[in-house]
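Trainee: I would like to see how this sequence folds:
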Amino acid sequence: QVDIATIQVTVDNTAPMARISYPQVDQVFRYQDNRVITFQAEASDAIGVDRLVWQIDGVEVGQSVQLPYALTWPAVAGRHTLQVEAYDRAGNLGRSEIVQFIVLTGQP
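Mentor: Predicted coordinates:
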């Protein structure tokens, strides 16, 4: 007797798309003490997005695993960079453009 089995395999070698929707490039935030900024991003992939990794100044500061992709960050004075990395379910990596922004403290 011969049994025939079929296994469906999906090959995904396409990186997901990642884009920062907030803040805008060179956006300036003016804050007093104890303020936060909520960053927002978009990501998509044909098979599905597994997670988004948030990086500020090149350091991982959080992850998002479901929509909406957002991160609340305690504002720190200075010029900063923000980038997100999107990973799909196959492990492919897509990076957003780097967005620079500025946080000023005190009175405007």
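
Trainee: mind listing what's buried along the lowest-mean-pLDDT helix or strand in the chain?
Mentor: Lowest by mean pLDDT, DSSP states H and E among the helices and strands of the chain is strand 27-31, with a mean of 90. Within strand 27-31, the residues scored as buried using 16 or more other Cβ atoms under 10 Å are residue 31. C-beta: built from backbone N, CA, C; applies to glycine.

Trainee: which strands and helices sit next to it?
Mentor: In this structure, strand 27-31 packs against strand 99-105, with contacts taken as 3 or more Cβ pairs under 8 Å, 6 or more residues apart in numbering; DSSP states H and E.

Trainee: residue boundaries of the strands in this structure?
Mentor: For the chain, the strands defined by DSSP state E cover 17-22, 27-31, 36-44, 49-56, 59-64, 69-74, 78-88, 93-95, 99-105.

Trainee: thank you kindly, that will do.
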